[in-house]
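Visitor: give the three-dimensional model of this entry:
(one chain, ligands or ions: 1)
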Amino acid sequence: MTTTPVIDATGVTVDLGGTPVLRGVDLRVLPGEFVTILGANGSGKSTLVRALVGLIPHRGSIELFGTPLAQFGDRRRIGYMAQRPDMFSGVPATVTEVVLSGALSRRPRFGWPTRSDRAAAAELIDRVGLSRLAKRPITHLSGGQQQRAHIARALVANPDLVVMDEPMAGIDAHSAEVFARLLGELEERGTAIVMVAHELGPLAPLVDRAVHLEGGLVEYEGPAHGPGTHDHAHDHAHSSEPATTRPVPAEGPLGGQS
Ligand SMILES: Nc1ncnc2c1ncn2[C@@H]1O[C@H](COP(=O)(O)OP(=O)(O)OP(=O)(O)O)[C@@H](O)[C@H]1O
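Guide: Next up is the predicted model:
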């Protein structure tokens, strides 16, 4: 029996402002896989995830859950978190409203939040440590607290695919551990995760595969090495690199955990 990939992208090419930003990227993600997109600033990471969720036009082929992107209508199966999400910055929405909006936008028909939507939102707000701030306008929260609210928003509809662009930016060590536990639970339930990251920290052991972009091309694809995936003492003894996950050329087949 073959498993339908959650994402099957071939030759994804994107031009922005007349400049080629992605130049034929292939990406295949299976249910339950956690793939991290790495690369220097400007290498095309955000452009790739935005193309994958249909936010910007592309050439090449993208299929989600076996359906071409243009025909894919089941948006509630996808939890997306943009880089530095600021869509609520001009709106006096509370933390609860922001998190609940993640459930509403993924319902087939727009409607009032159901009791289970509210329960799911309250649980996630609690998990990310924002219960005390649930009724506050999101703009009154610190940057890291807002980031945690947006993480809760992306996960509230129990998606089958989570796409996140640098969700760890600005969140503290304890919140990163909580986030790792949430993602670990999703991964166990078969949710696929695609995450743009510069540092993985406690997420590193969850990652199945790293895709490293350079100049809009896949420069490396294979196991992610870094803290949590191999010996820390070895890192400190033999490397002066910061505590970040840096892929190295693969020796084994793709998709394996080192
Ligand atoms: N609207 C645009 N018009 C023209 N060029 C753009 C546009 N948006 C992005 N770019 C360019 O596309 C390239 C890739 O940008 P992208 O945001 O995908 O990079 P990134 O790898 O996510 O970087 P970072 O690590 O800084 O978030 C950059 O060189 C950027 O300047």
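Visitor: give me the pLDDT value at residue 197.
Guide: Looking at residue 197, its pLDDT reads 93.
Visitor: excluding chain neighbours, what is closest to it?
Guide: Nearest-residue entry for residue 197: residue 36, 5.2 Å, with adjacent residues in sequence omitted and distances by C-beta to C-beta, 6 or more residues apart in numbering. Using the backbone N, CA and C atoms, a C-beta is placed for each residue, glycine as well.
Visitor: now do the contacts for that neighbour.
Guide: The neighbours of residue 36, taking C-beta atoms under 8 Å, 6 or more residues apart in numbering as the test, are 194, 195, 196, 197, 200, 203, 207, 209, 210, 211, 224, 245.
Visitor: can you confirm it is in a strand?
Guide: Yes: counting by DSSP: H, G, I helix; E, B strand; the rest coil, residue 36 falls inside a strand.
Visitor: coming back round to it: closest to residue 180 out of the contacts of residue 36?
Guide: When the contacts of residue 36 are compared for distance to residue 180 (C-beta to C-beta), residue 203 wins out at 5.2 Å.
Visitor: once you drop chain neighbours, what's closest to that closest one?
Guide: For residue 203, ignoring the flanking residues on the chain, the nearest one in space by C-beta to C-beta, 6+ apart is residue 180 at 5.2 Å.
Visitor: which one among the contacts of residue 36 gets closest to the ligand?
Guide: Distances from the contacts of residue 36 to the ligand were compared by C-beta to the nearest ligand atom; the smallest belongs to residue 196, at 6.3 Å.
Visitor: could you measure from the residue nearest to residue 197 over to residue 166?
Guide: As for residue 36, its distance to residue 166 is 11 Å (criterion: C-beta to C-beta, to the nearest Å).
Visitor: any residues in contact with both of those two?
Guide: Between them, residue 36 and residue 166 share the neighbouring residues 196, 197, with contact defined by C-beta under 8 Å, 6+ apart.
Visitor: can you lay out the contacts of residue 36 as CSV showing distance to residue 97, secondary structure and neighbour count?
Guide: As requested, the contacts of residue 36 are exported to CSV (distance: C-beta to C-beta, whole Å; DSSP: H, G, I helix; E, B strand; the rest coil; neighbours: other C-beta atoms under 10 Å):
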residue, distance to residue 97, secondary structure, neighbour count
194, 27, strand, 24
195, 25, strand, 24
196, 26, strand, 23
197, 28, coil, 24
200, 31, coil, 26
203, 28, helix, 25
207, 32, coil, 27
209, 36, strand, 22
210, 35, strand, 28
211, 35, strand, 25
224, 36, coil, 28
245, 35, coil, 22
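Visitor: does the residue nearest to residue 203 count as helix, strand or coil?
Guide: Taken by three-state DSSP, the conformation at residue 180 corresponds to helix.
Visitor: what is the burial count for it?
Guide: Here the number of neighbours of residue 180 (other C-beta atoms under 10 Å) works out to 19.
Visitor: hang on, it packs against residue 200?
Guide: No: here residue 180 does not reach residue 200: they are 9.1 Å apart, not a contact under C-beta atoms under 8 Å.
Visitor: poorly predicted segments of the stretch 151-258 of the chain, please.
Guide: Confidence mapping of the stretch 151-258 of the chain against pLDDT under 70 gives the ranges 225-258.
Visitor: that'll do, ta.
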